[in-house]
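> compute the structure for the input listed below.
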Amino acid sequence: MLYPLLLTLHLFAAVMFIGTVFFELLFLEHIRKQLPAKLMLLLEQAIGQRARQLMPWVLLVLFGAGVGMVWQRYLPVLAAPLSSSFGTLLLVKVIVAGSVLVHFLIAMLLFRTGQMSSGRVKFIHHSVFAHLLLILVLAKAMFYLTW
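Residues are numbered from 1 along each chain as shown. Okay, the predicted model is just below:
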């Protein structure tokens, strides 16, 4: 009974995290051209501040539930990941997710030390976006690709 709860928490947290990244990249980047620079700066600061408050908790739930799911159901698969297509894709997904976590931790460190620049924000957002697209594809491929 624990696995369905972990899966639900994992999915809700993934929707929140991925939705935030998609919104920032696909909407805010284009809105920038339509709003005065001062207003856009205030909007970005407000969204960024809220994201920095909320996202650590979202990621805690996302990764906590993910680890719980692995522990509950997929640990034997990850013990020999290359013995099945599912295990191989799951391993790749876990590695890419770990990279997303590293991106997030680096971003938080850069913000706290005052070293975050607009170029770094843009690079991190685009990199995380690409990672998340790959994770989404892997999440489906695990159940439908076999070799």
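
> and the next element down the chain from the lowest-mean-pLDDT helix or strand in the chain?
Sorted by mean pLDDT, DSSP states H and E, the helices and strands of the chain end with helix 29-31, the least confident at a mean of 87. Using DSSP states H and E, the helix or strand that follows helix 29-31 in sequence is helix 37-69.

> list the contacts of the helix or strand just after that following helix.
For helix 37-69, the following helix or strand on the C-terminal side (DSSP H and E) is helix 75-79. Outside helix 75-79, the residues that touch it by CB atoms under 8 Å, 6 or more residues apart in numbering are V70, S84, F86, G87, L90, L91, V94. All C-beta spots, glycine's among them, are computed from the backbone N, C-alpha and C.

> find me the pLDDT at the first one, would you?
What it means is V70. You'll see V70 listed with a pLDDT of 96.

> which member of the contacts of helix 75-79 is positioned nearest Q53?
Nearest to Q53 among the contacts of helix 75-79: V94, at 27.0 Å, using CB to CB.

> can you report how many residues lie near the closest one?
By other CB atoms under 10 Å, 18 other residues sit near V94.

> please apply the same query to L138.
As a burial measure, L138 scores 20 neighbours (other CB under 10 Å).

> how near is it to S117?
31 Å (CB to CB, to the nearest Å).

> alright, I will stop here.
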